[in-house]
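J.: this is a predicted model, with the sequence first.
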Amino acid sequence: MPDAKRVTKRRGETRQRLLDAALEVFAEQGFGASTVEQVCDRAGYTRGAFYSNFVSLDELFLAMWEQRSERMLADLRDELTDAPESSSLDAAIERVLAVIPVDDTWFRVTAEFTAHALRNPALRRVVAAREEAIMATIMPILESALSAAGLRITDRRALGMALVAVHDGTTVQCLMEPDDKAVWAARQQLFINVVRAYSEGST
């Protein structure tokens, strides 16, 4: 009889290889042009291995997204946990942005998947719910960091929406001009301005 721990470990490794392969395929081919066969070929598995882990490419992408979100949230907690008990708003935002990736590969994949989700009402609702859940997790972490900077958020929902908009917009700018320090500095300043607009206190 197979050892349960070994089976579980092997299954986890198979799943991770499929996730890693899919990211490469999606980035190269585009999400809409990618197939299960391409992902399996890149990972070195059969279709059976894929369907024993995922129902569809949509489900695989959502699993990939969840994994990356969990990693980002863990990094954010670690970064802010180690922050000084009191710091300026500029310092707090700098620490936050340090662990929020601006990744060309991931941006291309997510932009294409978002377009795909907009064409599918059921999937669009799933994506919207997951984005809400991520923001609900981020906001208490951010509130704690802002409290150390002497600030209190006045409208949590509005701030969350504004931060997502700033992140998405400035990510495009930074990816288009990755070597322009002024673009990165403007990104940080925009985050600072938005936080100030939806908070009160002294910095």
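T.: Okay, I see it.
J.: shaky segments in the protein?
T.: For the chain, the stretches with pLDDT under 70 are 1-7, 82-86, 202-203.
J.: need the next SSE after the lengthiest helix in the chain, C-terminal direction.
T.: As assigned by DSSP state H, the longest helix anywhere in the chain is helix 121-148. Using DSSP states H and E, the helix or strand that follows helix 121-148 towards the C-terminus is strand 151-153.
J.: packing partners for the longest helix of the chain?
T.: Where contact means 3 or more C-beta pairs under 8 Å, 6 or more residues apart in numbering; DSSP states H and E, helix 121-148 is packed against helix 57-81, helix 89-98, helix 104-118, strand 151-153, helix 156-176. (C-beta placed from N, C-alpha, C; glycine too.)
J.: can you redo those as a markdown table with mean neighbour count?
T.: Converted to a markdown table, the helices and strands packed on helix 121-148 look like this (neighbours: other C-beta atoms under 10 Å):
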| stretch | mean neighbour count |
| --- | --- |
| helix 57-81 | 16 |
| helix 89-98 | 18 |
| helix 104-118 | 17 |
| strand 151-153 | 16 |
| helix 156-176 | 16 |
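J.: okay, now R119: neighbour count?
T.: For R119, the count of nearby residues is 9 (other C-beta atoms under 10 Å).
J.: roughly how far apart are the nearest residue to Y198 once chain neighbours are set aside and E94?
T.: Of all residues not flanking Y198 in the chain, L159 sits nearest, at 3.8 Å (C-beta to C-beta, 6 or more residues apart in numbering). From L159 across to E94, the span is 18 Å (C-beta to C-beta, to the nearest Å).
J.: residues in contact with the residue nearest the centre of the chain?
T.: Centroid-nearest residue in the chain, with C-alpha atoms, centre = their mean: S69, separated by 4.5 Å. Contact analysis of S69 by C-beta atoms under 8 Å, 6 or more residues apart in numbering lists R130, I134.
J.: any idea how far G44 is from it?
T.: Using C-beta to C-beta, S69 is found at 27 Å from G44.
J.: ok, Q29 touching V39?
T.: No - Q29 is beyond contact range of V39, at 9.8 Å (criterion: C-beta atoms under 8 Å).
J.: out of the two, which sits in the busier spot?
T.: The neighbour comparison of Q29 against V39 (other C-beta under 10 Å) goes to V39, with 26 against 14.
J.: list the contacts of that one.
T.: L18, A21, A22, V25, F50, L57, L60.
J.: reformat those as CSV; add distance to S88 and secondary structure.
T.: Below are the contacts of V39 laid out as CSV (distance: C-beta to C-beta, whole Å; DSSP: H, G, I helix; E, B strand; the rest coil):
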residue, distance to S88, secondary structure
L18, 44, helix
A21, 43, helix
A22, 41, helix
V25, 43, helix
F50, 49, helix
L57, 44, helix
L60, 42, helix
